[in-house]
Structure formats: structure tokens, C-alpha cells
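# Mind looking at a prediction? Sequence and model below.
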Amino acid sequence: MENDMIYYLLALQSVDGIGCKVARKLIEHFGSPKAALSAEEKQLLELEGIGQKLLRNLKAKSIYRKASLELEIIQKYGLKQVSFFDLEYPERLRHCEDAPLLLFYKGKLDLGKRHIISIVGTRKMTSHGAAFMKRLFSELEKYDPVIISGLAYGVDILAHRLALQHGLKTIGVLAHGLDRIYPRTHYKTALSMLEEGALLTEFWTGTPPVRQNFVRRNRIIAGMSEATLVIESSEKGGSLITADLASSYHREVFAVPGRSSDPFSVGCNHLIKTHRASMLTHAGDLAYMLNWEPVRECSKRTEDFVSLDGKEKELFDAIRKHGKIQADHLSQICKLPIKDVLSTLLRLELYGHIRELPGKHYEVS
């Protein structure tokens with residue numbers, strides 16, 4: 001995409017009060033972002049939804065200063081971008097009326113005509129949910145889908161890591177600019193994802209991961225995918241918002257059933273009970289509903305720990321070396337505070353790499 005087009009799209013994006021829908025309407029009416037911004041006041045006021053306040057914002061000179069600054073940053077750091085008008089733009093997302101006009105990314109976005117699914121769920125994933133995901137990915141591998149998620153704690157990060165372990169392309173949709181990774185502990189996994197996948201965002205450089213941005217990015221996760229899978233969810237949460245968005249885009253939604261007494265199965269059970277999601281018990285459910293056929297042989301894989309961070313790998317290696325061992329002993333061996341050891345052990349258990357035994361002992365799974 002030419003710099004001229006980027007510049008005027010950025011300028012249009014920076015207009016206070018202009019969202020994706022209004023911006024698209026302006027471009028469709030006038031033919032281009034530049035033409036929309038250059039239109040006479042009378043022409044703009046004739047459009048529904050354009051009043052005096054929005055008109056003043058459209059004519060503000062500050063939008064061009066902001067666009068110039070962001071364009072300089074894009075060029076300086078070699079960030080990639082794709083506009084709504086480019087062939088490379090995610091095709092399913094293009095059909096969503098609130099799709100972003102401009103996406104920024106690092107890595108390889110090329111999606112072709114591949115199967116694309118999003119996997120979402122609670123940040124407080126249980127060992128039951130982690131075990132289900134490990135089994136699911138073993139079955140998914142032969143269908144070679146692209147895995148979309150949000151790089152958050154819990155279900156998101158495990159989806160990305162399992163995709164890497166099984167040789168699947170995975171894309172993390174961020175709720176902030178490309179100048180940072182949030183949470184920071186997922187930096188190493190994010191770096192690994194760039195080899196065959198991507199980090200994607202609609203947010204400009206310097207945008208922090210504030211709460212409302214996570215809700216906005218959920219529509220991209222849902223919009224890019226042919227189906228959204230909810231692994232575990234409480235009664236309320238971002239994963240249910242993503243599921244609702246997927247339904248509004250006429251995409252399939254799947255949810256993993258659980259016991260009625262499990263707090264992180266309540267959301268999934270309700271989706272199934274109210275017929276807002278199909279029940280997901282194994283990859284065959286997806287293949288049947290989405291009419292998938294296997295495209296490759298499943299590989300015989302050993303566990304891949306390349307995406308573990310420093311503390312995770314240190315503790316895992318210590319458990320593998322010493323066998324059954326208690327957390328206090330690990331704290332002494334690795335010279336780490338016990339609170340750090342316990343939180344890291346929980347993550348390793350959720351990833352399915354270790355298991356807890358009676359007496360607060362741990363061993364490799």
C-alpha cells in the first residue's frame with residue numbers, strides 16, 4: 001500500500017468521533033480517504049451522522065500532524081500494515097461492518113484460504129481445561145488450522161503455545177500498539193510466533209493496554225475466524241463477549257461443557273444450554289460442523305519447551321532432574337522466593353508439563 005494512502009487513512013483514523021463505520025461510509029461516498037478529508041463542508045453535512053462538531057474535527061489540522069508522526073514511526077521501525085482495501089486483508093474480517101480500516105502487524109499474516117479458528121477462555125484456566133486443550137490440539141493438527149487468540153494469561157497463551165508445539169500457524173491479536181508485549185511474561189512466546197505467524201493490532205504505537213481496548217480487539221478475534229471456541233468461562237467475561245460477537249457475524253461458536261459445580265464451566269454450559277454454542281468434546285465436532293477434511297499427517301512430537309520463560313524452564317528442569325519434589329525444596333535449589341515458585345508451578349501445571357501429587361509434591365507429567 002502506498003504511503004499516501006496510509007497517511008490519509010491515519011489522518012481519518014485520528015479524527016475524534018470517527019469510528020470504523022462512519023469512516024467506511026465517508027470513503028465509500030467520496031471514493032478515497034483523501035477525497036473524504038478534502039470534501040467541502042456542504043458536501044460533508046449532507047451525509048447522515050455528520051454534524052457541526054464532527055465537521056470541525058474533520059477539518060482540524062492536528063489530524064495531519066498525528067498522521068505524519070505515526071507514519072514516521074511505522075517507517076522507522078519497519079512495521080507492516082494492511083488496509084481494508086488490500087487483497088491481503090483478512091477476508092472474513094472484511095465482511096464485518098465494524099472492521100478496522102487499517103491493521104498493523106509483525107510476522108507473516110498470509111492466510112490464504114486456510115481454516116481459521118479463534119480459541120478464547122478464562123485467564124484462570126483449570127488443569128481440566130489445560131488437559132482438554134492438549135488433547136484437542138493433538139487432534140487438530142491434521143486439519144492444519146490457523147489459531148487466533150489474544151496472548152492473554154490462561155487459555156489464550158496456552159492456545160498459542162500448543163499451536164507452536166504442533167506446527168500450526170498462530171496469530172495474537174493485541175489490545176495495544178506493537179511497541180510492547182502485554183503481559184511481558186509472554187514476550188518469548190510472542191517472539192516465537194513471528195516465525196510462521198503474526199502479532200496483529202489496530203492500535204497505534206504507544207497505545208497502552210487499557211480495559212476498553214480488550215473489548216475492541218475481541219471483534220477482530222471473532223471476525224477473522226470461521227469459528228470461535230470457548231474453552232472455559234465464568235458467568236461473565238471477555239470470552240463470552242467474543243462468542244456473542246462471533247454469533248453476530250454469523251460464525252459458528254463452540255463451547256466445552258463442564259460440571260455444573262465448576263465456576264469456570266458456568267459460561268460454557270450456559271452458551272450450550274441457550275443454543276448459542278455447539279458442544280465441543282473433541283476435534284471431530286469441529287470437523288463435522290465446519291466440513292473439514294484432514295490435510296496432513298499428525299506428527300509424533302516430543303514436548304517442545306522453547307516457549308517457556310526463564311523461571312518456568314528453570315523449575316521444570318529442576319523437577320525433571322530431581323523427580324518428585326516439594327515446592328520448598330525447589331525454592332532452595334533454584335534460589336527463588338516461594339511465592340514466585342508457587343505461581344510458576346501453577347502455570348507449568350496448567351500447561352500440562354507437570355502435575356501436583358499428594359503432600360504438595362510435583363513431578364513431570
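Yep, it's here. Numbering: from 1, shown residues only.

# pLDDT below threshold where in the chain?
For the chain, applying pLDDT under 70 flags the ranges 1-2, 298-307.

# Strands of that one, residue ranges please.
Remark: strands assigned in the chain by DSSP state E are 80-83, 102-107, 116-120, 146-149, 170-173, 198-201, 227-230, 252-255, 278-279, 325-326, 354-357, 361-364.

# neighbouring strands for the second one, and are they parallel or not?
It refers to strand 102-107. Using DSSP bridges, the strands paired with strand 102-107 are strand 80-83 (antiparallel), strand 198-201 (antiparallel).

# contact partners of the last one?
Spelled out, it's strand 198-201. With contacts defined as C-beta atoms under 8 Å, 6 or more residues apart in numbering, strand 198-201 is touched by 103-109, 151, 171-178, 181, 190, 193, 217, 220. C-beta here means a position set from N, CA and C on the backbone, and glycine is covered the same way.

# Tell me the buried residues in it?
198-201 (16 or more other C-beta atoms under 10 Å).

# Could I have the CA atoms of it written out in CSV?
Taking Å, rounded to 0.1, in the frame of the first residue of the first chain, the C-alpha atoms of strand 198-201 are listed here in CSV:
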residue,chain,number,x,y,z
ALA,A,198,2.0,-12.8,13.5
LEU,A,199,1.2,-10.2,16.1
LEU,A,200,-1.7,-8.1,14.9
THR,A,201,-3.4,-4.9,16.1
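
# starting at the chain centroid, how far to that strand?
8 Å (C-alpha atoms, centre = their mean, to the nearest Å).

# Domain map for this protein?
3-77, 116-290, 310-364 (automatic domain parsing).

# now do the same end-to-end measure for the second one.
End-to-end span of domain 116-290 (C-alpha to C-alpha, to the nearest Å): 11 Å.

# what do you get for stretch 257-271?
Terminal residues of stretch 257-271 lie 9 Å apart, using C-alpha to C-alpha.

# How about residues contacting that stretch?
Under C-beta under 8 Å, 6+ apart, the answer for stretch 257-271 is 122, 124-126, 128-129, 230-237, 239-240, 243, 253, 255-256, 272, 277, 279-281.

# give me that answer again for 6 Å
Residues from elsewhere that reach stretch 257-271, judged by C-beta atoms under 6 Å, 6 or more residues apart in numbering: 122, 126, 230, 232-235, 240, 255-256, 272, 277, 279.

# Give me the buried entries from those.
122, 126, 230, 232-234, 240, 255-256, 272, 277.

# Can you name the two of the residues you listed that sit furthest apart?
Maximum pairwise distance among those (C-beta to C-beta): 18.9 Å, between 126 and 277.

# Mind listing the residues bridging to residue 355?
Beta-bridge partners, per DSSP bridges, of residue 355: residue 363.

# Am I right that it is in contact with residue 365?
Yes. Proximity of residue 355 to residue 365 meets the contact threshold set by C-beta atoms under 6 Å, at 5.1 Å.

# so who does the nearest residue to residue 311 once chain neighbours are set aside touch?
Nearest residue to residue 311 in three dimensions, chain neighbours excluded: residue 344, at 4.9 Å (C-beta to C-beta, 6 or more residues apart in numbering). Shown in contact with residue 344 (C-beta under 6 Å, 6+ apart): 311-312, 315.

# The residues you listed into JSON lines, with extra columns for neighbour count and distance to residue 247?
Converted to JSON lines, those look like this (neighbours: other C-beta atoms under 10 Å; distance: C-beta to C-beta, whole Å):
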{"residue": "311", "neighbour count": "18", "distance to residue 247": "39"}
{"residue": "312", "neighbour count": "19", "distance to residue 247": "36"}
{"residue": "315", "neighbour count": "27", "distance to residue 247": "41"}
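
# Can you tell me which of those lies closest to residue 136?
Out of the contacts of residue 344, the member with the shortest distance to residue 136 (by C-beta to C-beta) is residue 312, at 21.9 Å.

# For this structure, identify the residue most remote from the centre.
Most distant from the centre of the chain: residue 42, at 41.6 Å, with distances by C-alpha atoms, centre = their mean.

# any idea how far residue 343 is from residue 350?
Using C-beta to C-beta, to the nearest Å, we find residue 343 at a distance of 11 Å from residue 350.

# So which of these two has more stuff around it?
Of the pair residue 343 and residue 350, residue 350 is the one with more neighbours under other C-beta atoms under 10 Å, namely 22 against 11.

# No further queries at this time; thank you.
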